[in-house]
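Trainee: Show me the folded form of this:
(one chain, ligands or ions: 1)
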Amino acid sequence: MTRITLVEGDITAQQVDVVVNAAHSSLLGGGGVDGAIHRRGGPRILAECRELRASRYGRGLATGRAVATTAGDLPARWVVHTVGPVHLADEYEERAELLASCYRESLRVAAELGARTVAFPAVSAGIFGWPPADAARIALGTVAAVVAGREGGPEEVRFVLFGAEMYEVFAGVGRELG
Ligand code: ADP
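Mentor: I've put the predicted structure just below:
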């Protein structure tokens with residue numbers, strides 16, 4: 001059984017196998033959690049990202065997809081980079097599906113790596129403007145559905161929420177979903 005846990009904190013400090021990055025599609029870094037991961041993780045992560053851009057993702061990583069690099073100087077072993085959708089009310093359904101896909105694809109890549117512990121930020125809930133409670137519903141609902149009743153999944157999927165407000169939103173949605 002996989003435990004789904006919530007902590008308030010900085011994802012770059014987590015002692016886990018996989019840290020998920022809410023990456024820019026360029027894979028070349030950005031603001032928010034992406035900036036923090038590259039700052040704290042050092043230049044090796046960016047070097048691997050450049051390599052991936054050159055070899056496999058000439059046009060960038062598509063929204064909803066995920067790809068792994070090693071984790072440089074972070075305490076984690078790998079970073080799984082996923083590209084969340086920008087929130088756009090007019091295209092809610094397809095974009096919500098893309099956000100769910102970020103979680104599914106990241107967990108698939110983490111499983112391929114043999115990760116036992118995976119930490120997620122609140123993908124799309126920062127610069128990409130997703131309303132926090134809805135981002136939390138999609139995040140928690142999707143991860144719960146992936147790990148439900150599955151043997152051999154990770155031991156822990158940890159949501160690392162930046163700031164007390166985001167933590168409270170996730171905790172509230174977690175209580176709603178049981
Ligand atoms: P996006 O572009 O997908 O919205 P952001 O990085 O802007 O990505 O924000 C995603 C979430 O990550 C936001 O809730 C933001 O506050 C949070 N965040 C920013 N820095 C960190 C960090 N070091 N650890 C965990 N979460 C972070």
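Trainee: for the ligand, what are the nearby residues on this structure?
Mentor: 10-12, 22, 32-34, 36, 84, 121-128, 160, 162, 166 (CB under 6 Å from any ligand atom). For glycine as for every other residue, the C-beta is placed from the backbone atoms N, C-alpha and C.
Trainee: Filter those residues down to just the ones in helices.
Mentor: Judged by DSSP state H, the residues of the chain next to the ligand include Gly32, Val33, Asp34, Ala36, Met166 as members of helices.
Trainee: Can you pick out the ones from the residues of the chain next to the ligand that are in strands?
Mentor: Under the assignment DSSP state E, the residues of the chain next to the ligand contribute Ala22, Val160 to strands.
Trainee: re the thing from before, top of the ones in helices among the residues of the chain next to the ligand by neighbour count?
Mentor: Counting neighbours by other CB atoms under 10 Å, Val33 leads those with 25 neighbours.
Trainee: surely that residue meets Ile11?
Mentor: Yes. Using CB atoms under 8 Å, Val33 is in contact with Ile11, at 6.1 Å.
Trainee: Would you state the helices of the protein in chain order?
Mentor: Along the chain, counting by DSSP H, helices occupy 32-41, 43-55, 92-113, 132-147, 164-177.
Trainee: Redo these as JSON lines? Include distance to Glu155.
Mentor: Converted to JSON lines, these look like this (distance: least, CB to CB, whole Å):
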{"stretch": "helix 32-41", "distance to Glu155": "22"}
{"stretch": "helix 43-55", "distance to Glu155": "24"}
{"stretch": "helix 92-113", "distance to Glu155": "12"}
{"stretch": "helix 132-147", "distance to Glu155": "10"}
{"stretch": "helix 164-177", "distance to Glu155": "18"}
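Trainee: I'd like those helices as TSV, with mean pLDDT appended.
Mentor: Shown next, in TSV, are the helices of the chain (pLDDT from 0 to 100):
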stretch	mean pLDDT
helix 32-41	97
helix 43-55	97
helix 92-113	98
helix 132-147	98
helix 164-177	97
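Trainee: Of all those helices, which one comes closest to Pro154?
Mentor: Taking CB to CB, helix 92-113 is the member of these nearest to Pro154, at 6.6 Å.
Trainee: Which one of the helices of the chain lies nearest to Val80?
Mentor: Closest to Val80 of the helices of the chain, according to CB to CB: helix 92-113, at 4.8 Å.
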